[in-house]
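[1] Any chance you can model this:
(2 chains)
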Amino acid sequence: MRPEVSRAFRRGAAAGLPFILVLGPFALLFGVVATEAGLPVLETFVMSVLVLAGAGQFTAVQLLAEQTPVLILLAAALTVNLRMAMYSASIAPYLRGASHWQRALAAYCLVDQNYALGLLEYEKRPEQGIAERLGFYFGVVVPIMPVWHGFTLVGALVGARIPDAFALDFALPITFLAMVAPALRTIPHVVAALVSVGAALLLAFLPYQIGLLGAALLAMCAGAATEQALRRRRGKGVAWS
Amino acid sequence: MELNGGKVWLVIVLLALGTYLIRWSFLGLFGRKTFPEWVLRHLRYTPVAVLPGLVAPLVLWPEATGGEPDPARLAAALVTLALGCTTRNVLASILGGMATLYLALWILP
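    Numbering: from 1, shown residues only, chains lettered A, B, ... in the order given. Predicted coordinates:
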């Protein structure tokens, strides 16, 4: 490896390492919650290795526990993961010179951390070649990915032994709430969340979680429409813009 | 309850494939294209569109109490949400929420 590439890799690793403190406990929790919901240890571990997306995995486990039909479960969990299409679109221009295999591998490990840190790095150092960019990109994930896999396994092994008295049935709802709350940073996000809650409760009588899908669609449209309405109003309100 | 057998593996494999395709979309498949603005506008709201709708019935009608609203679980949910909005720290919110749940289950009859 050329020295500047290994420097970029180490810079990425240094930027990514602090996230171990977040990902470790989060993976542990996934392992515990999944086994608590009835998923065997092996299935829990394999899901973390193959899917590598926390919120989508939690969604899948909850819907598996509710005996949701496969197609509806996939639609809901993949909708949660759809934000990564945005990541893919914004990071792709920077990795254009990479080979097919490198991009295929980069796709597997595209997560919140290397997306956010990568964009910052590439904007700060536009002179970098593709080898350095890839070095940084993989530098961020190589040290933290095994933490996600490993702690899921630990959580799954531990979770199978925790007695019911610990009320872990509610760990999953609490995790969802903790993931959603920080995302409620603008008015359109709050509107989307409220529409999602309202519609999901009103449509809860529908079988197979169809209500959840309907609520998600309505909420997405409500968020987008609110964003557009706010932008239009701001465009007109020259006095206070 | 045990969740195993073919359905679980089917879900794991299809979820993995679907998630991979989402990640690979622009890195591998569409190359130089990008999203039109109206698609981006909807994508921005995907997590907040699904997760709140998923969690609302679990909070209001928890299975552990036979679907009856439960003060301890409601309190835990409110504390988690409040901590998440103020600290923006996911782990702190989870710990605060679970602590509230245990405290409330211990205090309330």
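[2] Point out where the chain drops to low pLDDT.
    Let's take chain A. A:164-165, A:236-241 (pLDDT under 70).
[3] Actually, chain B is the one I wanted.
    Residue ranges of chain B with pLDDT under 70: B:1-2, B:4, B:31-32, B:109.
[4] That one: helices as residue ranges?
    Along chain B, counting by DSSP state H, helices occupy B:6-24, B:37-43, B:46-60, B:71-87, B:90-107.
[5] got a markdown table for the ones you listed, with distance to residue A:116 and mean neighbour count too?
    Using the backbone N, CA and C atoms, a C-beta is placed for each residue, glycine as well. Listed next are the helices of chain B as a markdown table, based on distance: least, Cβ to Cβ, whole Å; neighbours: other Cβ atoms under 10 Å in any protein chain shown:
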| stretch | distance to residue A:116 | mean neighbour count |
| --- | --- | --- |
| helix B:6-24 | 15 | 19 |
| helix B:37-43 | 16 | 15 |
| helix B:46-60 | 15 | 25 |
| helix B:71-87 | 19 | 20 |
| helix B:90-107 | 15 | 18 |
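[6] could the ones you listed go into a markdown table alongside distance to chain A?
    Converted to a markdown table, these look like this (distance: least, Cβ to the nearest Cβ, whole Å):
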| stretch | distance to chain A |
| --- | --- |
| helix B:6-24 | 4 |
| helix B:37-43 | 4 |
| helix B:46-60 | 3 |
| helix B:71-87 | 2 |
| helix B:90-107 | 4 |
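[7] Let me see the contact set for residue A:45.
    By Cβ atoms under 8 Å, 6 or more residues apart in numbering or on different chains, the contact list for residue A:45 reads A:31, A:149, A:152-153, A:156.
[8] quick one: which of the residues you listed is nearest residue A:52?
    Using Cβ to Cβ, residue A:149 is the member of the contacts of residue A:45 that lies nearest residue A:52, at 8.4 Å.
[9] Let's see which of the contacts of residue A:45 end up in helices.
    Under the assignment DSSP H, the contacts of residue A:45 contribute A:31, A:149, A:152-153, A:156 to helices.
[10] Of those residues, which count as buried by neighbour count?
    Those of the ones in helices among the contacts of residue A:45 that meet the buried threshold are A:31, A:152-153, A:156, by 16 or more other Cβ atoms under 10 Å in any protein chain shown.
[11] could I get the helices of chain B as JSON lines with distance to residue A:124?
    What follows is the helices of chain B, written out as JSON lines (distance: least, Cβ to Cβ, whole Å):
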{"stretch": "helix B:6-24", "distance to residue A:124": "24"}
{"stretch": "helix B:37-43", "distance to residue A:124": "24"}
{"stretch": "helix B:46-60", "distance to residue A:124": "27"}
{"stretch": "helix B:71-87", "distance to residue A:124": "28"}
{"stretch": "helix B:90-107", "distance to residue A:124": "26"}
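[12] Name the nearest residue to the residue in chain A that chain B sits nearest to, ignoring sequence neighbours.
    When distances are taken as Cβ to the nearest Cβ, chain A reaches nearest to chain B at residue A:181, 2.3 Å away. Nearest residue to residue A:181, sequence neighbours excluded (Cβ to Cβ, 6 or more residues apart in numbering or on different chains): residue B:84, at 2.3 Å.
[13] check contacts around that neighbour.
    A:177-182, B:90, B:93.
[14] Out of the residues you listed, list just those in helices.
    Those of the contacts of residue B:84 mapping onto helices are A:177-180, B:90, B:93, per DSSP H.
[15] could I get the contacts of residue B:84 as CSV with distance to residue A:91?
    Output for the contacts of residue B:84, formatted as CSV (distance: Cβ to Cβ, whole Å):
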residue, distance to residue A:91
A:177, 29
A:178, 26
A:179, 22
A:180, 24
A:181, 26
A:182, 22
B:90, 23
B:93, 28
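[16] closest to residue A:81 among these?
    The closest of these, once distances to residue A:81 are taken by Cβ to Cβ, is residue A:179, at 12.9 Å.
[17] can you give me the helices in chain A?
    Using DSSP H, helices in chain A cover A:3-16, A:20-36, A:41-51, A:54-65, A:70-81, A:83-91, A:100-108, A:112-124, A:130-159, A:171-180, A:187-202, A:210-236.
[18] Counting neighbours, what do you get for the nearest residue to residue A:35 once chain neighbours are set aside?
    In this structure, residue A:35 finds its nearest non-sequential neighbour in residue A:159, 3.7 Å apart by Cβ to Cβ, 6+ apart. Here the number of neighbours of residue A:159 (other Cβ atoms under 10 Å in any protein chain shown) works out to 23.
[19] Could you double-check that residue A:159 sits in contact with residue A:30?
    No. Using Cβ atoms under 8 Å, residue A:159 is not in contact with residue A:30, being 9.3 Å away.
[20] Find residues that contact each of these two.
    With Cβ under 8 Å, 6+ apart as the test, residue A:159 and residue A:30 reach no residue in common.
[21] so what's the nearest residue to residue A:162 once chain neighbours are set aside up against?
    Nearest residue to residue A:162 in three dimensions, chain neighbours excluded: residue A:168, at 6.2 Å (Cβ to Cβ, 6+ apart). By Cβ under 8 Å, 6+ apart, residue A:168 lies in contact with A:32-33, A:36, A:159, A:162.
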